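Undergrad: Would you be able to build a 3D model of this:
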Amino acid sequence: MKHLLLSLMVFLAAPAFADALPPSGAPLKVHARLVAEQTAVVPGGSVTIALEEKIAPGWHTYWKNPGDAGAPTTIDWTLPAGWKANAIQWPRPKRLPVGPLMDYGYEGTPWLLTRITAPADATGPVTLKAHASWLVCQNICVPEDAEVTLTLPVGAAQPDPKVVQDFAAARALLPVASPWKVSYALGSNLDLYVAAPSLAGAHPATADFFPARSGLIKNAAPQLAGYAKDGLVLRLAPGAQVHGALDGLLVLTSTDGSTQALEISAVPGPVPPADFNSSGDSGELSLGLAMAFALLGGLILNVMPCVLPILAMKALGIARHGAHGRSESFAYAFGAVASFAVLGLAIVLLRSGGSAVGWGFQLQSPIAVAGFALLVFAVALNLSGVFEVGSVTAGESLTQKPGFTGAFFTGVLAVAVAAPCTAPFMAAALGFALTQGALPALAVFVSLGIGFALPFLLLGIWPKALAFIPRPGPWMLTFKQFLAFPMYAAAAWLVWVLAQEAGPRGVVLALGAMIALALAAWLWGVTRNLSARGRGIGALVALLVLAGALYGVALLRDATAAPVAAQTAKAGQPYTAATLASLRAANRPVFVDATAAWCITCLVNEDTVLSKDSIKSAFASRNVAYLVADWTNQNPEITALLKNNGRSGVPLYLYYAPGAAKPVILPQILTEAGVLAALGG
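TA: Numbers count the residues shown, from 1 in each chain. Got it, this is the predicted structure:
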């Protein structure tokens, strides 16, 4: 599916390359023909047919797994009744770097072999027809196709002497089943172990793994060959879909230049320690360092603008309850840590099931955004005194003893609000976590939760710190009502996010649900001092109105996203991997802004830094292409961009200098000086 989407992006992006495409009627970059191995076909027998692709110099076509972008060649046969065609026999591919991407494909004149079987009553001659289509790429990608035919006699057959050597050469490029057992171990790296003592002694010059499906490895990452006592170990950068058997090709090249491709199906198992001839993997995060980064990132997350209103609420609660603040601090911390653990587990399970999700994924669903907006709006109404849960007046509420449940769910709410934000140090830690198994990933998320809860956890451990909080008094009711306004602002922001995802209809439904919620809260409040019958009627009507509000939110389940989100509309080109590859191939500098409408940090960076005239002038003077990777709605291609750069959420800022092998990754909190420095002054 990933490659289909990427290829579709390439096809849809064709108008953008109109100036670079060859004019109508220009010769094809690939000339195709059918070649038969035998001079005839025996009734009931079979013949091998080659689709020859003669590719123009500098261009390439694709293997069955095209890598980071592209589409494989397809052959649709039209055969007489009773004739059958087997699947394509794919020769071993090459690794073909294209900018920051890695393709798997062919250059020169590859032969794709197919075995055709004739029925027992076949008569001839017979005409074999096929519609062949392929994507051929250089600096641009061009979809091409051709109708190819071949007529053969039916009768006694013998090898065609004109092509005997050509078919022998083609078969020499086909992979064979591995004679050795292959296992793998998944950690911060993905290690493939080939149990072959002969390989340990022979030391092949190169060893390359080509995965049979996407998501197994990071295609563009280096592959390091090492040698254990009884075999070869290939160290890879794992992708997000490492589970079950790892199928693919292991291509070994000996020191004399001979090459052999082995079909392998690796299973989880022990991998012995190996000596690698490169230290390129030394930059990988360890689990301990990732947990430390997560702890620090969670601590910094407390000062992000999306979290401050909830922290103010918690500070009010501690000030209100005085001596009971210690127990509330522990309850809040427990709620925050548990929420991070549950959120981390949900992401790990979704990704293991094939979903392309990352940090903040829950805000990519319109129904989740609308539901969260209602929750924040209800909190604001409560702070304004429209209704009270569990008491009649605000005064009685202030005199109640503190409760574990309230503090726990305040921690839960704080984590929910923090989800759209990414703090410094968080990105590397989360990127590491999402390439690991369930237990290491959960350890990182729990560390993040501990860091996030640390300020209030310290209040619980060191009660003397409560002395710095002002004593309770009448000012607290005023402060409480004031805190409602940041929450109203947060609700308004969420409605704006919903507008990016679901358009005007989504906004109307959300605002209608908010009005119904406010009415239900008011009815609940004004009927609390009535008789028992009056309170019952008030509660029933309030519940009916509240049900109407929730029904309005439920209608957003099938809401469609807006065609273009706000960030894309106001700056730059929409990001696609094909666009990036094309710009990089043209040796043009590129700045990628991975953002989302629900990411407050992104919006702050855009308004305070990226929209400045000095930055725009620097982009223009250096001819920097500005690509906006808008992740407001789910987009597997942008998820892949984040993953390939060790990130699980936005913001992510990348600068690709002309000719550079890798991009410069800028901090999550941008400064004008930092962006200009990345651009080279």
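Undergrad: And stretch 187-194, how far out from the chain middle?
TA: Distance, stretch centre to chain centre, for stretch 187-194: 22 Å (CA atoms, centre = their mean, to the nearest Å).
Undergrad: lowest-pLDDT helix or strand in this structure?
TA: In the chain, the helix or strand scored least confidently by mean pLDDT, DSSP states H and E is helix 394-399, which has a mean of 33.
Undergrad: same for the helix or strand just after that one, what does it pack against?
TA: Moving toward the C-terminus from helix 394-399, the next helix or strand (DSSP states H and E) is helix 404-418. Contact here means 3 or more CB pairs under 8 Å, 6 or more residues apart in numbering; DSSP states H and E; on that basis helix 404-418 packs against helix 308-321, helix 325-352, helix 366-384, helix 438-461. C-beta here means a position set from N, CA and C on the backbone, and glycine is covered the same way.
Undergrad: between these, which gets nearest to residue 604?
TA: helix 308-321 (12.6 Å; CB to CB).
Undergrad: so where do the helices sit in the stretch 51-200 of the chain?
TA: Counting by DSSP state H, counting those that start in this stretch, one finds helices in the stretch 51-200 of the chain at the ranges 164-172, 197-202.
Undergrad: what's next to the first one, contact-wise?
TA: By that I understand helix 164-172. 35, 37, 48, 50, 91, 111, 113 (CB atoms under 8 Å, 6 or more residues apart in numbering).
Undergrad: buried sites along that helix?
TA: Residues of helix 164-172 classed as buried by neighbour count (16 or more other CB atoms under 10 Å): 166-167, 170.
Undergrad: Also stretch 647-659?
TA: Within stretch 647-659, the residues that count as buried by 16+ other CB under 10 Å are 647-657.
Undergrad: now swap in stretch 53-73 and tell me
TA: Buried, per 16+ other CB under 10 Å, within stretch 53-73: 53, 55, 59-73.
Undergrad: before we move on, what about stretch 244-255?
TA: Applying a neighbour-count criterion of 16+ other CB under 10 Å, the buried positions in stretch 244-255 are 246, 248-252.
Undergrad: Could you do stretch 525-539 as well?
TA: Here stretch 525-539 shows 525, 527-528, 538 as buried, counting by 16+ other CB under 10 Å.
Undergrad: pull the longest helix from the protein.
TA: Ordering each helix of the chain by length in residues (DSSP state H) puts helix 475-526 first.
Undergrad: now that helix: mean pLDDT?
TA: On average, the pLDDT along helix 475-526 is 74.
Undergrad: ok so, going back, any chance of the buried residues of helix 164-172 in JSON lines with distance to residue 338 and pLDDT as columns?
TA: JSON lines is the format used below for these (distance: CB to CB, whole Å; pLDDT from 0 to 100):
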{"residue": "166", "distance to residue 338": "66", "pLDDT": "89"}
{"residue": "167", "distance to residue 338": "64", "pLDDT": "90"}
{"residue": "170", "distance to residue 338": "59", "pLDDT": "90"}
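Undergrad: how about those in JSON lines, adding distance to residue 442?
TA: Output for those, formatted as JSON lines (distance: CB to CB, whole Å):
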{"residue": "166", "distance to residue 442": "55"}
{"residue": "167", "distance to residue 442": "54"}
{"residue": "170", "distance to residue 442": "49"}
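Undergrad: Out of those residues, the closest to residue 270 would be?
TA: Distances from residue 270 to those, taken by CB to CB, are shortest for residue 170, at 38.1 Å.
Undergrad: From residue 109, how far off is that closest one?
TA: In this view, residue 170 and residue 109 are 10 Å apart by CB to CB, to the nearest Å.
Undergrad: and if you look at residue 674?
TA: Distance, residue 674 to residue 109, using CB to CB: 49 Å.
Undergrad: Residue 487 now?
TA: With distances taken as CB to CB, residue 487 is found 67 Å from residue 109.
Undergrad: So between the two, which is more surrounded?
TA: Each of residue 487 and residue 109 has its neighbours counted (other CB atoms under 10 Å); residue 487 has more, 24 against 13.
Undergrad: which residues sit in contact with the more buried one?
TA: Contacts of residue 487 (CB under 8 Å, 6+ apart): 309, 376-377, 379-380, 383.
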